[in-house]
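In: build me a structure from this.
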Amino acid sequence: MNIVVTGTRGFPGIQGGVENHCEKLYTHLINLGCHVTVSTRKPYNKSGNGKYKGITLIPINCPRNKFLEAIVHTTSSIFKARKLQPDIVHIHAIGPSLLAVIARVLGMKVVVTNHGHDYERKKWPLPAKYFLKFCERMGSLSANKIIAIAPYIADNIWKNYGRDSTVIPNGVELPALADSDEILKDLGLVRRQYILAVGRFVPEKGFDDLMDAFGKLKLANWKLVIAGDADHEDEYSRNIKIKAKNNTNIILAGFVTGQSLSELYSHAGLFVIPSYHEGLPIVLLEAMSYGLSCIASNIPANKNVELSDDRFFEVGDIESLSSKMIEYINKSWNDEDRERQVTLIAEKYNWEKLAAETFKLYEKLIF
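Out: Numbers count the residues shown, from 1 in each chain. This next block holds a predicted model:
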């Protein structure tokens with residue numbers, strides 16, 4: 001089965017939920033016998049054509065510009081895909097899904113994965129929001145098959161476009177807890193005495209709220225660590241860095257991967273996701289897979305994950321977030337709690353199982 005993939009910046013080592021999703025999904029689909037070619041964005045993948053765990057990576061030029069790069073890259077990728085004669089072109093995210101109609105006109109079978117309502121993201125001005133809604137409509141109406149990463153997204157697709165979609169969520173690979181703590185030493189952290197958040201520096205992640213809420217706690221022995229950075233430096237990301245300089249207990253770790261990220265997850269005392277918008281938050285699933293005590297904003301995407309109701313706070317409410325952090329810093333979280341949470345994640349968000357479901361959808365489309 002020959003699959004060409006577009007809509008992602010690429011991988012490995014590139015931050016983003018779609019990027020994480022594609023890296024894990026296609027490494028498992030390779031094991032099921034698929035031949036996978038991923039069209040990556042050259043500004044993020046500067047090396048030439050290569051292989052990653054059996055996946056062929058083809059960097060394609062595009063401007064590094066948040067308004068243009070996805071559409072320009074996906075357009076080039078679709079015409080490149082035609083030369084590769086794939087069984088299926090798989091397009092990720094609603095912006096790139098605009099090009100599903102071109103792929104169909106060129107005679108290719110198309111799967112679109114809807115990772116969430118990108119037009120709800122704070123970073124987009126009103127014209128861009130309308131354009132993204134149009135992209136979602138075109139992708140939903142043109143694709144042969146649609147995957148939604150959460151039930152509420154599938155419901156939206158049916159309500160707005162009259163199309164059925166298959167719900168296949170994001171997944172995680174259960175990690176081994178890190179014994180080492182080199183990054184903690186580098187950052188001056190103490191095990192179980194820091195709050196962790198992970199993500200890109202974009203307004204919908206709510207990191208400014210988190211920093212303001214943490215500033216109210218006045219905790220002498222606790223730190224707030226945010227692991228991530230901006231893809232495109234802007235006023236928001238610059239303000240995040242200014243806020244951090246004004247509070248010595250807030251640490252910006254930068255974009256962290258591999259063993260260093262594993263150490264941060266393994267030794268945190270609390271994980272917080274204060275987002276205003278998510279599709280299905282991989283970072284929350286990852287934190288839960290490490291057995292971390294977690295709290296989250298009460299948006300639909302976060303509530304789709306199996307946290308108890310008392311672990312949600314009102315999105316955008318600094319006081320609610322601050323009081324919830326204090327509550328769960330002081331609340332007992334034992335080995336039994338950790339094991340129960342890890343078991344839940346393993347059963348529902350297992351990448352082997354999710355890749356097998358994707359493979360079945362491919363088979364139905366081809367055969």
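
In: got the end-to-end distance for stretch 34-53?
Out: End-to-end span of stretch 34-53 (CA to CA, to the nearest Å): 12 Å.

In: flag every buried residue along that stretch.
Out: 34-45, 52 (16 or more other CB atoms under 10 Å). Where you see a C-beta, it was placed from the backbone N, CA and C, and this is true even at glycine.

In: could you give the mean pLDDT of it?
Out: For stretch 34-53, mean pLDDT rounds to 87.

In: gap between that stretch and the chain center?
Out: 19 Å (CA atoms, centre = their mean, to the nearest Å).

In: re the thing from before, farthest-separated two in the buried residues of stretch 34-53?
Out: Cys34 and Pro43 (27.0 Å; CB to CB).

In: distance of the residue nearest to Thr257 when sequence neighbours are not counted relative to Glu235?
Out: Residue nearest to Thr257 in three dimensions, not counting chain neighbours: Gly13, with 5.4 Å by CB to CB, 6 or more residues apart in numbering. In this view, Gly13 and Glu235 are 27 Å apart by CB to CB, to the nearest Å.

In: likewise for Pro274?
Out: Taking CB to CB, one finds Pro274 at 19 Å from Glu235.

In: so for the two, which sits in the more crowded spot?
Out: Pro274 (28 against 8; other CB atoms under 10 Å).

In: now do the contacts for the closest residue to the more buried one other than its chain neighbours.
Out: Take Pro274 and drop its neighbours on the chain: the residue closest to it by CB to CB, 6+ apart is Gly206, 3.6 Å away. Residues counted as contacts of Gly206 (CB atoms under 8 Å, 6 or more residues apart in numbering) are Pro274, Ser275, Tyr276, Ser297, Val315, Gly316.

In: just the helices from the chain, written as ranges.
Out: Assigned by DSSP state H, the chain shows helices spanning 17-31, 69-84, 100-105, 126-142, 151-161, 182-187, 207-215, 235-245, 258-267, 282-289, 300-303, 318-329, 335-348, 351-366.

In: need the contact partners of the first one.
Out: Put plainly, it is helix 17-31. 3, 5, 7-12, 34, 36, 38, 52-55, 92-93, 113, 115, 149, 170-173, 278-279, 281-283, 351-352, 354-355, 358-359.

In: please pick the buried ones from those.
Out: Using 16+ other CB under 10 Å, the buried ones in the contacts of helix 17-31 are 3, 5, 7-11, 34, 36, 38, 52, 55, 92-93, 113, 115, 149, 170-172, 278-279, 281-283, 351, 354-355, 358-359.

In: in strands only, show me these.
Out: Ile3, Val5, Val36, Val38, Tyr52, Ile55, His92, Thr113 (DSSP state E).

In: dump the residue contacts of the fifth one.
Out: Just to be clear, that refers to Tyr52. Contacts of Tyr52 (CB under 8 Å, 6+ apart): Phe11, Pro12, Thr27.

In: before we move on, back to that, ok, the residue nearest to Thr257 touching Val256?
Out: No. Look at Gly13 against Val256 with CB atoms under 8 Å: they stay out of range, at 10.4 Å.

In: for the most far-flung residue of the chain relative to its centre, give its distance to Phe271.
Out: The centre of the chain is farthest from one residue, Ala220, which by CA atoms, centre = their mean lies 32.3 Å away. Note on Ala220: its distance to Phe271, by CB to CB, is 21 Å.

In: same deal with Phe214?
Out: Distance, Phe214 to Phe271, by CB to CB: 13 Å.

In: again, but for Arg104
Out: 42 Å.

In: again, but for Ala244
Out: Taken as CB to CB, the span from Ala244 to Phe271 is 18 Å.
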